[in-house]
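Q: below are the sequence and a predicted model; questions follow.
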Amino acid sequence: SAVISQKPSRDICQRGTSLTIQCQVDSQVTMMFWYRQQPGQSLTLIATANQGSEATYESGFVIDKFPISRPNLTFSTLTVSNMSPEDSSIYLCSVDAVRGVAGTDTQYFGPGTRLTVL
Amino acid sequence: SQQGEEDPQALSIQEGENATMNCSYKTSINNLQWYRQNSGRGLVHLILIRSNEREKHSGRLRVTLDTSKKSSSLLITASRAADTASYFCATDTGRRALTFGSGTRLQVQP
């Protein structure tokens, strides 16, 4: 399995500002993903973070609002830009396919970042 | 939109009883995974079942998959107060990213 950490664990931000969330994995992984969980809701995929290339965004999510970096196989960041109260959510990163481990389909999640926008 | 729906949305049972949650999805899948989430925290992976499997067990958990009906169920036997959480099914259609169901909130009364 993979151990995933996220920073910060929570934050309270002002409208119009930006927050960058970090995701660190203890193993090299092929796939990294970012999800959003709005209050009382299920998880929705924001994008797939691709190592060495631009992220692949889902419908309804755009790079200008949610820029993503993935400089290597163990680290990714998600920035929530120009925040509004509607961005208040839990943001979670996840990984699968630990490199060198065959048959790894299980997707593991980080502890999440709870964001409140005032 | 969500790939799947789960029912019930909420379930309240007594300690020691069994809890069954159902998940339906819309398209063909490679695998289906069940997760638990305690009070808005991170997701804990419970079990993965592949499309060519019909049933899997892990401790007190039993998962079934019926690909002809595009449905899955999660059974928790002899429930405990510590099982109180939200449970989500999630499907992988082959592109590795997961599509989540709407979730079931389970309350186990001591």
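A: Perfect, thanks for sending it. Since the model is a prediction, treat every value here as computed from it, not as a measurement.
Q: helix or strand with the lowest mean pLDDT in chain A?
A: strand A:89-98 (a mean of 88; mean pLDDT, DSSP states H and E).
Q: output the contacting helices and strands for the next helix or strand after that one.
A: Using DSSP states H and E, the helix or strand that follows strand A:89-98 towards the C-terminus is strand A:108-109. Applying 3 or more C-beta pairs under 8 Å, 6 or more residues apart in numbering or on different chains; DSSP states H and E, we find strand A:108-109 packed against strand A:89-98, strand B:43-50. For the C-beta atoms, the positions are set from N, CA and C on the backbone; glycine is no exception.
Q: let me know the average pLDDT across the shortest one.
A: Confidence over strand B:43-50, taken as the mean pLDDT, stands at 94.
Q: that one: partners in the sheet, and parallel or antiparallel?
A: Counting by DSSP bridges, the strands paired with strand B:43-50 are strand B:31-37 (antiparallel).
Q: can you give me the pLDDT of B:Gly94?
A: Looking at B:Gly94, its pLDDT stands at 83.
Q: same deal with A:Thr104?
A: As predicted, A:Thr104 sits at a pLDDT of 65.
Q: next: the one 10 residues further on.
A: Per-residue pLDDT puts A:Arg114 at 96.
Q: which non-adjacent residue is nearest it?
A: Of all residues not flanking A:Arg114 in the chain, A:Arg10 sits nearest, at 4.1 Å (C-beta to C-beta, 6 or more residues apart in numbering or on different chains).
Q: quick one: distance of stretch B:21-34 to the chain centre.
A: Relative to its chain's centre, stretch B:21-34 lies at 9 Å (C-alpha atoms, centre = their mean, to the nearest Å).
Q: start and end of it, how far apart?
A: Distance between the boundary residues of stretch B:21-34 (C-alpha to C-alpha, to the nearest Å) amounts to 10 Å.
Q: in stretch B:7-25, what counts as buried?
A: Neighbour counts over stretch B:7-25 (16 or more other C-beta atoms under 10 Å in any protein chain shown) mark B:11, B:13, B:19-25 as buried.
Q: kindly report the same for stretch A:66-86.
A: The neighbour-count check on stretch A:66-86 (16+ other C-beta under 10 Å) flags A:66-70, A:73-74, A:76-78, A:80-81, A:83 as buried.
Q: any chance of those residues in JSON lines, plus pLDDT, secondary structure and distance to chain B?
A: As requested, the buried residues of stretch A:66-86 are exported to JSON lines (pLDDT from 0 to 100; DSSP: H, G, I helix; E, B strand; the rest coil; distance: C-beta to the nearest C-beta, whole Å):
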{"residue": "A:Phe66", "pLDDT": "98", "secondary structure": "coil", "distance to chain B": "15"}
{"residue": "A:Pro67", "pLDDT": "97", "secondary structure": "coil", "distance to chain B": "18"}
{"residue": "A:Ile68", "pLDDT": "97", "secondary structure": "strand", "distance to chain B": "13"}
{"residue": "A:Ser69", "pLDDT": "95", "secondary structure": "strand", "distance to chain B": "18"}
{"residue": "A:Arg70", "pLDDT": "94", "secondary structure": "strand", "distance to chain B": "14"}
{"residue": "A:Leu73", "pLDDT": "91", "secondary structure": "coil", "distance to chain B": "15"}
{"residue": "A:Thr74", "pLDDT": "93", "secondary structure": "coil", "distance to chain B": "17"}
{"residue": "A:Ser76", "pLDDT": "96", "secondary structure": "strand", "distance to chain B": "14"}
{"residue": "A:Thr77", "pLDDT": "97", "secondary structure": "strand", "distance to chain B": "18"}
{"residue": "A:Leu78", "pLDDT": "98", "secondary structure": "strand", "distance to chain B": "15"}
{"residue": "A:Val80", "pLDDT": "98", "secondary structure": "strand", "distance to chain B": "18"}
{"residue": "A:Ser81", "pLDDT": "98", "secondary structure": "coil", "distance to chain B": "22"}
{"residue": "A:Met83", "pLDDT": "97", "secondary structure": "coil", "distance to chain B": "19"}
